[in-house]
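**Q** here is a sequence together with a model predicted from it:
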Amino acid sequence: QVQLVESGGGLVQAGGSLRLSCAASGRTFSVNGVGWFRQAPGKEREFVAGISWSAGTTYFADSVKGRFTISRDNAENTVYLQMNSLKPEDTAVYYCAGKIVFRASRVAYQGEYDYWGQGTQVTVSS
C-alpha cells in the first residue's frame, strides 16, 4: 500500500502563490505516476496536473498551463504543485493521487489512479 499526504493549502489573495506538497510513504516504488486533481464546491473533481515518476514528464490542464508547475523529489518521495497567479476559480480541495500503471494518454483519468490523499483546501480571495 501507498499513503499520500497533501499539505500546503491555505488562503491566498488573487495573484498570489502557494506550493502544495504530496508526500508518499509505504510501497512508493510501485508508483509510476502522480496526479493532482481538484474539486470545487458543487463541481466534479477535475484533473490539474500530472508527472511521470521516472522521466519527470509533466502534464497540465489547459486552465492552469503557464501558471502551475509540477515537480518531484525522488529522494524525498514528494511531489510538489507550485501554483502562481492564483485566481478565485482555483478555489477547491486539491488531491494528489498515485498510479501504478502510467500512460501519458491516461494521465487525466482519475478512475485509473490507485492511491489518493485526503485533500488540502485552497481558497483564493478576490
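**A** Arrived safely, thanks for sending.
**Q** got a list of contacts for the helix or strand harbouring Phe37?
**A** For Phe37, the element it lies in under DSSP states H and E is strand 33-39. For strand 33-39, contacts defined as Cβ atoms under 8 Å, 6 or more residues apart in numbering pick out 20, 22, 24, 45-53, 70, 72, 79, 81, 90, 92-99, 102, 107-108, 110, 113, 119, 122. (Each C-beta comes from the backbone N, C-alpha and C, glycine too.)
**Q** please apply the same query to stretch 117-126.
**A** Against stretch 117-126 from outside (Cβ under 8 Å, 6+ apart): 4-14, 16, 18, 20, 22, 38-39, 83, 86-97.
**Q** if any of the residues you listed are buried, put those into a ChimeraX selection.
**A** Buried residues among those (16 or more other Cβ atoms under 10 Å), as a ChimeraX selection:
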select :4,6,8,9,12,18,20,22,38,83,86,90,91,92,93,94,95,96,97
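**Q** residue nearest the centroid of the chain?
**A** By Cα atoms, centre = their mean, the chain has its centre lying nearest to Trp36, at 2.1 Å.
**Q** that older thread, which SSE is immediately downstream of the strand holding Phe37?
**A** Remark: after strand 33-39, the chain's next helix or strand is strand 46-52, criterion DSSP H and E.
**Q** tell me the bridge partners for the residue nearest to the centre of the chain.
**A** As for beta bridges, Trp36 partners with Ala49, Cys96 under DSSP bridges.
**Q** from Gln1, how far off is it?
**A** According to Cβ to Cβ, to the nearest Å, Trp36 and Gln1 sit 20 Å apart.
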